[in-house]
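Undergrad: only geometry, no sequence info:
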């Protein structure tokens with residue numbers, strides 16, 4: 001099953017400094033039919049104005065993955081971590097027993113991110129943060145694990161759940177396959193470009209909720225940058 005979720009139909013709110021679209025229920029947007037997809041709980045498509053951002057606030061017991069689509073985000077937390085993650089790169093915050101952090105756009109232009117929250121397999125672990133560059137050339141033509149709690153993904157940023165966040169870059173007309181397995185769920189969003197997923201057309205920033213599919217075949221209708229979450233049921 002592949003259910004297209006058009007970008008224009010997503011929930012969200014424009015706060016001026018932040019224009020947020022929500023693939024799942026979040027903050028003031030509530031849809032009982034879209035509370036998550038397996039352990040994937042949040043997928044926010046955020047556009048952050050220059051010189052603004054999320055002031056210090058706390059989280060606990062959540063794996064929070066930030067995929068930067070444009071610009072850069074600057075992170076600081078109460079563990080003493082500070083870092084700048086730029087377009088195409090990824091940061092992971094394992095909130096664990098609790099962490100307090102801020103995320104600011106200190107760039108001259110807008111910053112665009114996907115903010116992805118996945119529930120951990122185990123609660124009460126120590127908090128942590130990390131970031132890593134993922135050159136788009138390294139994921140040209142196929143999916144590459146960016147953050148993962150799965151065996152064999154040692155090059156990805158670690159998360160504490162049996163899931164993967166993957167990225168791929170496809171040229172127009174190019175295809176790739178990804179083995180999902182019928183016992184798992186996928187959620188796919190083109191950050192840019194348009195693709196067909198097993199015959200279902202997705203435009204940029206549409207979502208596709210995928211289940212009961214052994215192998216995904218994705219074909220780019222235009223140059224496309226893709227993010228996929230592979231998680232348990």
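TA: Thanks, I have the structure now. The structure presented is a predicted model; accordingly, all values stated were derived computationally and were not measured.
Undergrad: ok, the most centrally placed residue in the chain - contacts?
TA: Central residue of the chain (CA atoms, centre = their mean): residue 116, 4.2 Å from the mean position. Residues near residue 116 by CB atoms under 8 Å, 6 or more residues apart in numbering: 40, 42-44, 64-67, 165, 227, 229. Placement of C-beta: from N, CA and C, glycine included.
Undergrad: same check, this time on residue 206
TA: Residue 206 makes contact with 4-7, 189-190, according to CB under 8 Å, 6+ apart.
Undergrad: among those residues, name the buried ones.
TA: If you count burial by 16 or more other CB atoms under 10 Å, the buried members of the contacts of residue 206 come out as 5, 7, 189-190.
Undergrad: can I get those in JSON lines with distance to residue 223, pLDDT and secondary structure?
TA: Compiled in JSON lines, these are given as follows (distance: CB to CB, whole Å; pLDDT from 0 to 100; DSSP: H, G, I helix; E, B strand; the rest coil):
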{"residue": "5", "distance to residue 223": "22", "pLDDT": "98", "secondary structure": "strand"}
{"residue": "7", "distance to residue 223": "18", "pLDDT": "98", "secondary structure": "helix"}
{"residue": "189", "distance to residue 223": "16", "pLDDT": "98", "secondary structure": "strand"}
{"residue": "190", "distance to residue 223": "10", "pLDDT": "98", "secondary structure": "strand"}
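Undergrad: ok, back up a step: strands - which of the contacts of residue 116 land there?
TA: Here DSSP state E is the test, and these give 40, 42-44, 64-67, 165, 227, 229 as lying in strands.
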